[in-house]
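> need a 3D model of the sequence below.
(3 chains)
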Amino acid sequence: MATAPPPPSNPLSFPPATFQKLAPKTFLERHLQSTPATRPSGRGPDTFRIPSLHTNSLSHAHGSAVVRTGDTAVVCGVRGEVLSLAVGTGGRIVVLRSGEDGRRENEEGEGDEIRERALVVTNLEMGTGCTRDYHPGPPTDFAQAVTARLHRLLLANKLIPSKSLRILDPNTEEIKAYWVLYIDVIVISLDGNVLDAAWASILAALRSTKLPQAYWDQDTEGVVCYPEVSRYKPLGIKGLAFTASFAVIDLGAEKGGKVILSDPDEFEEGVCEERVMVCALEGERVGWIEKGGGVGQVAEVVECVHRATERFKVWEQLFAKVLGSSG
Amino acid sequence: MADGSAQYTDGPTTLLASINGPIEVKPRDEIPLEAYLEITIRPSAGVTSVREKHLEALLRSAISPLIIRTVHPRTLLQITLQIIQHEQVSVAHTLHTLLASAVVVVVLALVDAGVPMKGMLAAAFVEEANRSAAHVFGYAVTGGGGGPGEGLVFVESDGAFDEKEFVEASEIGRKKCLEVGELMKDWIRGKVGRDMKYRLK
Amino acid sequence: MPRELDPTINEKSFILDALNQKLRIDGRDLNSFRELELNFGDDYGLADVRLGKTRVLARVSAEVVKPFTDRPFEGIFTITTELGPMASPAFEPGRQTEQEVLLSRLIEKAIRRSNALDTESLCIVAGQKCWQIRADVHFLSHDGALVDASCIAVVAALQHFRRPDVSVEGEKVTIHTMTERVPVPLSILHVPICVTFSFYLDGEVCLVDATLQEEQLRQGDMTITLNKFGELCQIAKAGGLAINALNLLRCAKVALVKVGEITATVQRRLEEDAAVRVRRDNLLESKADNERA
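Residues are numbered from 1 along each chain as shown, chains lettered A, B, ... in the order given. Take a look at the predicted model:
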């Protein structure tokens, strides 16, 4: 709040916190018009919050991660459960769509197998009291929309090799069962931009996930896991992808035009209608762009792509430090 | 018996949108200076799932900048989109094609309902030739053409691409949107012509 | 939430006076339906019914599930109805009104409980796998007679629907794609049709296919469900004006005629649609009842 303009010398003056509540938009605009442009949080328009990451903090999940950016903190847990293709009491009936023969040679269409069989279940939950607007009850539309986005990101980026989720009959190499990954994200504290933090936590949790080695036992007609922890195997997540979210505010043509705010916090998200989200991939490529909420130009999106590429490197370094190069 | 509606068929996709508003708003949703926008998407078969909520959020971000909500403060603007049929064959891009059609049909319904808007939004689906990426672009089109209200409102891109490919795709998207915009204007002209026949001698 | 606008006092007295002289404001006879328009979608199992300004869409879909443990030899058939703001702003999304509960129960009784669909034919492997047939009813525009229109939509969609063929080979059940094997129609045992009567002026005037305005002014109503053979499936009269028992017989006679007409229209439209499909997809040689080489 250090850069709040001094109130004019008339009897009606407020402390900055009151000003922020009364006229949030003007409050943000005044901040951005100062030189250099500074946000209420003290960050520059293109400054992201510094992320921190811990993995395997939950002892009963197969993989977990805690990610914190500023006052937004999320925890993600991954649990694997066995889905047997032979359903029913006798465990005999296998349902196949024509064209499938229970065996898959090709490694293509990884995302499709996971999508068709629904092998990944994503869920995002707002922790009690994580934000001022928290209401207990069923998931809000906002939480559901974020869940759907995370799920789409996961499938679209094809990070999980379906091979590591298959459980085979060791004799015939036939797929008898699958691992289903239940990915639960809980938002502990919400101060804007939940998507970036939630996505990073999912990725870190998946990279730290180790599943027991399982095989199909013909005698008992069931899936058997080796109990030794030393035989647990990682999923073999391929590649990296990181999202970067932006909020855009229009100050008007004469006052500096549009300002793109990286990694918006709760207050900024409440004021700015226009949003951009970019998912950066390795090799300066882009996996996903989402923009909406305001009339803009392509150049604006391109600027966001640049910032997202820079942000990717920050996450990449953090992941390398915490998870090691092996992932 | 809605205040405005539109039905749109594009190949295998048929959508029906209806608008009610401005109507009474629930006290919980009331906004002091603006109309509250409620968007409901109903799937053709089955119950509303997370997928529909996601689509609702995308649709909201696409159309809300075009609606002048301050004209009817403390009211409700209710948008219902019924998916009548939508191709399920290629799973990968169903959301994109659905989204592009949804934007068009909702904007037409908004016009039919006489909701005050800054301009119309036209959307188009663009796919890379090698199917590596798919984009949906939404451009605002206004009556006069080339006004300050025109510009990129909405992007939803998926796949793997780089900056150059994106800029190229956005240019194709812009051209397609302008074509779609012209079609939409024609439909509206035709509709107004029919509705106002009694006035034109 | 906004309520449906009630007719004004002037409208009310005008409509009731006219009814007293056996006249309806849209010029119809007391015993005549509005023109029934029935269209089918590109996909199988999509029926779009228009009755004047009332428009109802029914969508039938199928998936393979495990049957209920107490009924291992039967498939599952469900009908879902949800009145949304599209039909009228008076309907809130996600909250059931009393009208909606009554409506969904009426349709449920008319179609599901009258065994219109042979659920035993949906069994694939007893106790293990069966088809679940789901009919979703969408109300697109509400101008009265929702029960009658949705019943027509559901039975038309059920007759129009084709499910993928399956083959059972030992322990494996294979679902064949629509292009690989000719999809199979559902086994429909009979076609129930609902006719709703509205009563006015202490039961002296009785009419069919009431518009929304007429429904708002009626003193009582009764729904009779019959099939074209004159077999009675249900009679529903939930409160309202008490009517003379003889009136019921008169209504049943009218209903029988109406059911005949409606069944014929549905049948004609189904045949027309089939003809269009044959021409479009060149299906002649792959028809299921053709001799197989």
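> and the contacts of the host helix or strand of residue C:16?
Assessed by DSSP states H and E, residue C:16 sits inside helix C:9-20. With contact meaning C-beta atoms under 8 Å, 6 or more residues apart in numbering or on different chains, helix C:9-20 is reached by C:7, C:24-25, C:200-201, C:205, C:207, C:213-214, C:217. C-betas here are computed from N, CA, C, even on glycine.
> which strands or helices does the helix or strand encompassing residue C:246 pack on?
For residue C:246, the host element (DSSP H and E) is helix C:245-281. For helix C:245-281, the packing partners by 3 or more C-beta pairs under 8 Å, 6 or more residues apart in numbering or on different chains; DSSP states H and E come out as strand C:36-40, helix C:146-160, strand C:193-200, strand C:205-208, strand C:220-226.
> so which residues of chain B form helices?
Ranges of helices within chain B are B:50-63, B:94-112, B:163-195, based on DSSP state H.
> could you dump these to CSV with mean pLDDT?
What follows is the helices of chain B, written out as CSV (pLDDT from 0 to 100):
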stretch, mean pLDDT
helix B:50-63, 89
helix B:94-112, 91
helix B:163-195, 91
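> out of these, deepest packed?
helix B:94-112 (a mean of 24; mean count of other C-beta atoms under 10 Å in any protein chain shown).
> picking that back up, buried residues in the helix holding residue C:246, which are they?
By neighbour count on 16 or more other C-beta atoms under 10 Å in any protein chain shown, the buried set for helix C:245-281 is C:251-252, C:254-256, C:258-260, C:262-263, C:265-266, C:269-270, C:273.
> and these, which is closest to residue A:261?
Checking the buried residues of helix C:245-281 against residue A:261 by C-beta to C-beta gives residue C:273 as the nearest, at 55.4 Å.
> how many other residues sit next to the closest residue to the closest one other than its chain neighbours?
Among residues not flanking residue C:273 along the chain, residue C:40 sits closest, at 4.7 Å (C-beta to C-beta, 6 or more residues apart in numbering or on different chains). Using other C-beta atoms under 10 Å in any protein chain shown, residue C:40 has 21 neighbouring residues.
> in the sheet, who's paired with residue A:122?
Beta-bridge pairing for residue A:122 (DSSP bridges): residue A:183.
> whoops, residue C:205 was the one
Judged by DSSP bridges, the bridge partners of residue C:205 are residue C:200.
> quick one: the closest residue to residue A:303 other than its chain neighbours from residue A:72, how far?
Distance criterion C-beta to C-beta, 6+ apart; nearest residue to residue A:303, sequence neighbours excluded, is residue A:260 at 6.0 Å. Distance, residue A:260 to residue A:72, using C-beta to C-beta, to the nearest Å: 19 Å.
> those two: which is more packed in?
The neighbour count for residue A:260 versus residue A:72, taken as other C-beta under 10 Å, is higher for residue A:72 (26 against 20).
> now do the contacts for the more buried one.
A:49, A:187, A:189-194, A:197, A:265.
> mind running it again at 6 Å?
Neighbouring residues of residue A:72 by C-beta atoms under 6 Å, 6 or more residues apart in numbering or on different chains: A:190-191, A:197.
> reformat those as CSV; add neighbour count, pLDDT and secondary structure.
Below are the contacts of residue A:72 laid out as CSV (neighbours: other C-beta atoms under 10 Å in any protein chain shown; pLDDT from 0 to 100; DSSP: H, G, I helix; E, B strand; the rest coil):
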residue, neighbour count, pLDDT, secondary structure
A:190, 23, 92, coil
A:191, 21, 92, coil
A:197, 30, 95, helix
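> which one of the residues you listed is nearest to chain B?
Checking those against chain B by C-beta to the nearest C-beta gives residue A:190 as the nearest, at 16.7 Å.
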